[in-house]
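> Quick one, structure for this:
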Amino acid sequence: MAKIGIVGAGAWGTALAASLSRAGHHGVLWAHEAEVVEGIRGNGRNPLFLPDIVLTGVTATTDLAAASDADAVLLVVPAQFLRGLCRRLRPHWPAGVPAVICAKGVETDSFAAMSEVVAEELPAARLAVLSGPTFAAEVARGLPTAITLACGDAGLGQRLVEWIGTPSFRPYLTDDVIGAEIGGAVKNVLAIACGVVEGRGLGDNARAALITRGVAELMRLAVAKGGRAETCMGLSGLGDLILTASSQQSRNYSLGFALGEGKSLSEILAARRSVTEGVATAAAVTGLAAKLGVELPICDAVAGLLHHSRGIEETIRDLLARPFRHELGFTDGGDSAA
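As a prediction, the model looks like this:
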């Protein structure tokens, strides 16, 4: 039995704690909210996130030192809070303990990937990334799920797979950390775009086209950042996008859907407790793309809607007015930009 720290007790952290319990491990779940800790200690339930899930074999705490005293630690906080949290964890982090990054995003100020943030702030940690098509409620209930575990150290990666894997929670190992991270970040932005398409009533053809051309954007950015294109066609890229871009369970898709229906961003966010990662990530991804010289028309369009007061009709018109291009892989080497 391993002792696994889970730092972040939102829906995803709670679901991972439930899955680890089913795997026979002891989870130490750190929560910012005292109410969450009291609820888990009192009746085994998180009163704010997934309250129907009973957590057994899980210790709840507000003490970061207790959560980091473990065989491995899952970092399950929103992407834009990860750096600050790691700075708080650093004095307590035992040398060599793996940090498994479960946040999906790109840092808005630095355009850094989450692995780069953690490497800077927790230099004593060994790094891995957990990313893929996962709705927290389904993982918490033990429904079948497959996910990518990215780790540059093959031995550590295999040990983490053995710790977190169950018959219903199946990690697939890769050494392409950056490819897995870019997939998880960009798919949130694309899911907002797909929600807008659906909320605006533009049809299934448009959504299929957007997903396909979105994958091309995801691949271009991943390769420019140092990842591999084939990673983007796996669970942490295409798989995650298919899930997130087609269901109201997705916070990003449902936000886009509401935008497409005519609601304002401030109105949508005011009604939510959980963070919708794609909002901040849209600005960060487009900033990273500009830095790397990569063209991302769909992501740029989403960033314009969210952060630059662009209208939906104007944005759609501009996307549809783009020049016709070659399909990806066209044999004469033509431009395959979206």
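
> Please make it C-alpha for all contacts and neighbour counts, starting now.
Will do.

> Does Arg213 lie in a helix or a strand, and which?
Using DSSP states H and E, Arg213 sits in helix 204-225.

> which element is the residue most central in space within the chain on?
When the chain is reduced to its mean C-alpha position, the nearest residue by CA atoms, centre = their mean turns out to be Lys104, at 2.7 Å. Counting by DSSP H and E, no helix or strand carries Lys104.

> and the gap between it and Asp71?
Shown here: Lys104 relative to Asp71, a distance of 23 Å by CA to CA, to the nearest Å.

> Next: Gln249.
32 Å.

> Compare these two (neighbour count), which wins?
Neighbours were counted for Gln249 and for Asp71 using other CA atoms under 10 Å; Asp71 has more, 17 against 14.

> Could you check how far Ala99 is from Asp63?
In terms of CA to CA, Ala99 sits 17 Å off from Asp63.

> So which of the two has more stuff around it?
Per other CA under 10 Å, whichever of Ala99 and Asp63 has more neighbours is Ala99, with 25 against 15.

> Check the secondary structure at Val36 for me.
helix (DSSP: H, G, I helix; E, B strand; the rest coil).

> what pLDDT does it get?
At Val36, the predicted lDDT confidence score is 95.

> who touches it in this structure?
9, 46-48 (CA atoms under 8 Å, 6 or more residues apart in numbering).

> redo that, cut-off 7 Å
For Val36, the contacting residues are 46-48, by CA atoms under 7 Å, 6 or more residues apart in numbering.

> Columns secondary structure, pLDDT and neighbour count on top of the residues you listed, output as a markdown table?
What follows is those, written out as a markdown table (DSSP: H, G, I helix; E, B strand; the rest coil; pLDDT from 0 to 100; neighbours: other CA atoms under 10 Å):
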| residue | secondary structure | pLDDT | neighbour count |
| --- | --- | --- | --- |
| Asn46 | coil | 96 | 26 |
| Pro47 | coil | 95 | 16 |
| Leu48 | coil | 94 | 15 |
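
> Tell me the first helix or strand C-terminal of the helix holding Arg213.
Using DSSP H and E, the helix or strand that follows helix 204-225 in sequence is helix 229-232.

> what's that following helix packed up against?
In this structure, helix 229-232 makes packing contacts with helix 177-199, helix 204-225, judged by 3 or more CA pairs under 7 Å, 6 or more residues apart in numbering; DSSP states H and E.

> So for Val294, which of those sits nearest?
helix 204-225 (6.4 Å; CA to CA).

> Run the chain-centre distance for that closest one.
17 Å (CA atoms, centre = their mean, to the nearest Å).

> and what of stretch 269-286?
Computed by CA atoms, centre = their mean, the chain-centroid distance of stretch 269-286 equals 11 Å.

> Return the set of buried residues in it.
275-286 (16 or more other CA atoms under 10 Å).

> Now do the end-to-end distance for it.
21 Å.

> Show me what that stretch is in contact with.
Contacts for stretch 269-286 (CA under 7 Å, 6+ apart): 78, 105-108, 111, 185-186, 188-189, 251-252, 299-300, 302-303, 306.

> and those residues, which of them are in helices?
Judged by DSSP state H, the contacts of stretch 269-286 include 185-186, 188-189, 251-252, 299-300, 302-303, 306 as members of helices.

> Report the two of these separated the most.
So, the ones in helices among the contacts of stretch 269-286 by CA to CA: farthest apart are Arg251 and Asp300, at 19.6 Å.

> so Arg126 touches Trp93, yeah?
No: using CA atoms under 7 Å, Arg126 is not in contact with Trp93, being 10.9 Å away.

> and those two? which has more neighbours close in?
Comparing Arg126 with Trp93 by neighbour count (other CA under 10 Å), the higher total belongs to Trp93, at 23 against 19.

> How much space separates the closest residue to the more buried one other than its chain neighbours from Gly13?
With CA to CA, 6 or more residues apart in numbering as the measure, Ser68 is the residue that lies nearest to Trp93, at 6.0 Å, once sequence neighbours are left out. According to CA to CA, Ser68 and Gly13 sit 15 Å apart.

> The two: who's more crowded?
Taking neighbours as other CA under 10 Å, Ser68 and Gly13 compare with Ser68 leading, 27 against 24.

> Break the chain down into its domains, please.
3-175, 178-320 (automatic domain parsing).

> okay, how far is it across the longest one, tip to tip?
Domain 3-175 has its terminal residues 24 Å apart, counting by CA to CA.

> Next: the last one.
Across its full length, domain 178-320 reaches 31 Å between end residues, using CA to CA.

> Over to Thr59. Which of the three states is it?
strand.

> And for Val28?
Going by three-state DSSP: Val28 is strand.

> Would you check that it makes contact with Val58?
Yes: between Val28 and Val58 there is a contact at 5.8 Å, judged by CA under 7 Å.

> Identify the contacts common to those two.
Counting by CA under 7 Å, 6+ apart, nothing touches both Val28 and Val58.

> one step back: just say which of the helices and strands packed on helix 229-232 is most tucked in.
Most buried of the helices and strands packed on helix 229-232, by mean neighbour count (mean count of other CA atoms under 10 Å): helix 177-199, with a mean of 28.

> tell me the mean pLDDT for that helix?
Mean predicted confidence for helix 177-199 is 97.
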